[in-house]
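Undergrad: Any chance you can model this:
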Amino acid sequence: MPAPRPIRRSAAVRVAGQKVAHRRAVLGRPRQRPPTGRSRATTILVAALATFTIGTSLLAGLAAVGTAAAVGALSEDLPNPTSLGALTFAQPTIVYDRTGTVQLGRFQREQRRVVTFDEVPKLVLDATTTAEDRTFWDNGGFDPAAIVAAVAGNASTGGERGASTITQQLVRARLLPEDVVAPGADRYLRKAKELIQSSRLTAAYPGEEGKQKIMAAYLNEIFYGHDAYGIAAAARIYFGVSDLSKLTIAQAALLAGLPKSPSNFDPYRYAAADSEGRLVVPSSAPPVVRRDWILRNLSTSRWTSLSQSELDAALAEPVVLAGDQPLSYKAPHFTWQVRRQL
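TA: Next comes the predicted model:
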């Protein structure tokens, strides 16, 4: 009996079979383990990127060219994260008399006084991380759990809940290309680059010392509203405090709550003069409500642990503002001539 002849498929059948095989390879094949060279942080980063870019062409691009190549492509125009060490912050120009001791005037585009990490009390650090990024000291620049929670919450409510860490906020402010953060730029692309750069920044500044550098840069850069840039300027503008160690627990908590929405939480928007002529913010005002939330959650912070009596006292402390200080110059003609020459 002759051997059976092999079945010859037509070209069309072969092509169809190849398409099915390819589809199974893409969709049905179990996910392969990451290559040996890929770190766990990169794997988490890729997952975060995918979470943020569902429904966009970027996700399709990631699937098409491979996650590692996509991360590399998105990183090409990012500034070197080590430039954090070379960041400068706009500060006032101060004019003194010939003895160098009497201040005649000051000029500034931004009200700011730069402070070192060691000048910032642990209370201020704890209030800041409680308000903005509870996993700051341990995370890799971003918080995957917060990202997933934000995406799920936004999907169910249609809102715009954020999940940006302190590192991401600093990156967005100073370590992304201008065209990425410009008005009208693709926010999904910005978020992808922001996550990548935050991971790179944390890797470039590892350990406790690296976290301290990132935190110090953040506290000097961030906008607190009412023309206050940085924590030192905010302490002076809102409470007339020049030494951060002199802030009360309640004052530190209120300042920590401002960067989330500097305009809406600006205490001066809600303040009114009391019978003693003080500028007092009512307890029902949004900045005070946020302050109280931070105070009640300080127990989850790194160093600060309030007793019940300390918490009660802080919650009961009225928010009394320093008031806007009038701009005045000594020897005004001389001072303004200096300004013109500068």
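Undergrad: wait, isn't L175 in contact with A86?
TA: No: L175 lies out of contact with A86 (Cβ atoms under 8 Å); the separation is 11.2 Å. To be clear about C-beta, it is placed using only N, CA and C from the backbone, and glycine gets the same treatment.
Undergrad: Comparing these two, which residue is more hemmed in?
TA: Counted by other Cβ atoms under 10 Å, L175 and A86 do not tie: L175 has more neighbours, with 22 against 7.
Undergrad: burial count for G323?
TA: Using other Cβ under 10 Å, G323 has 15 other residues around it.
Undergrad: Now do the contacts for the residue nearest to it when sequence neighbours are not counted.
TA: Closest residue in space to G323, ignoring its immediate chain neighbours: L279 at 5.3 Å, by Cβ to Cβ, 6 or more residues apart in numbering. Neighbouring residues of L279 by Cβ atoms under 8 Å, 6 or more residues apart in numbering: Y268, A271, A272, A273, V320, L321, A322, G323.
Undergrad: Can you check these and name whichever has the most neighbours?
TA: Scoring the contacts of L279 on neighbours with other Cβ under 10 Å, the highest-scoring entry is A271 at 20 neighbours.
Undergrad: tell me the phi and psi of that one?
TA: Here is the backbone geometry of A271 (degrees, to the nearest 10): phi -80, psi 150.
Undergrad: close enough to count as contact, it and P287?
TA: No: counting by Cβ under 8 Å, A271 does not reach P287; the two are 9.7 Å apart.
Undergrad: any residues in contact with both of these two?
TA: Joint contacts of A271 and P287 (Cβ under 8 Å, 6+ apart) are V281, V319.
Undergrad: got the phi/psi numbers for R112?
TA: Dihedral angles (degrees, to the nearest 10) for R112: phi -160, psi 140.
Undergrad: That one contacts A232, doesn't it?
TA: Yes: counting by Cβ under 8 Å, A232 is a contact partner of R112 at 7.3 Å.
Undergrad: where do the contact lists of the two overlap?
TA: The contact sets of R112 and A232 overlap at N220 (Cβ under 8 Å, 6+ apart).
Undergrad: Contacts for stretch 72-82, please.
TA: Counting by Cβ under 8 Å, 6+ apart, 65, 175-177, 189, 192-193, 196-197, 200-201, 203-205 sit against stretch 72-82.
Undergrad: mind showing which ranges of the chain have poor pLDDT?
TA: 1-68, 105-108, 150-162, 325-329, 333, 336, 339 (pLDDT under 70).
Undergrad: which one's the longest helix in it?
TA: The helix that spans the most residues within the chain, counting by DSSP state H, is helix 187-204.
Undergrad: Going by contacts, tell me the helices and strands next to it.
TA: helix 40-52, helix 57-65, helix 67-75, helix 166-174, helix 178-181, helix 207-221 (3 or more Cβ pairs under 8 Å, 6 or more residues apart in numbering; DSSP states H and E).
Undergrad: repeat that with 10 Å
TA: helix 40-52, helix 57-65, helix 67-75, helix 144-157, helix 166-174, helix 178-181, helix 207-221 (3 or more Cβ pairs under 10 Å, 6 or more residues apart in numbering; DSSP states H and E).
Undergrad: can you give me the angle it makes with helix 67-75?
TA: 100 degrees (axes from the mean of the first three to the mean of the last three Cα atoms, to 10 degrees).
Undergrad: how about the CA coordinates for helix 187-204, as CSV?
TA: The C-alpha trace of helix 187-204 is given here as CSV (Å, rounded to 0.1, in the frame of the first residue of the first chain):
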residue,chain,number,x,y,z
ARG,A,187,0.1,64.4,30.2
TYR,A,188,0.5,60.7,29.7
LEU,A,189,3.9,61.1,28.2
ARG,A,190,4.8,63.5,31.0
LYS,A,191,3.7,61.0,33.6
ALA,A,192,5.7,58.2,32.0
LYS,A,193,8.9,60.4,31.8
GLU,A,194,8.2,61.6,35.4
LEU,A,195,8.1,58.0,36.7
ILE,A,196,11.3,57.0,34.8
GLN,A,197,13.2,60.1,36.0
SER,A,198,12.0,59.6,39.6
SER,A,199,13.4,56.1,39.5
ARG,A,200,16.7,57.3,37.9
LEU,A,201,17.0,60.1,40.5
THR,A,202,16.5,57.6,43.4
ALA,A,203,19.1,55.3,41.9
ALA,A,204,21.5,58.2,41.5
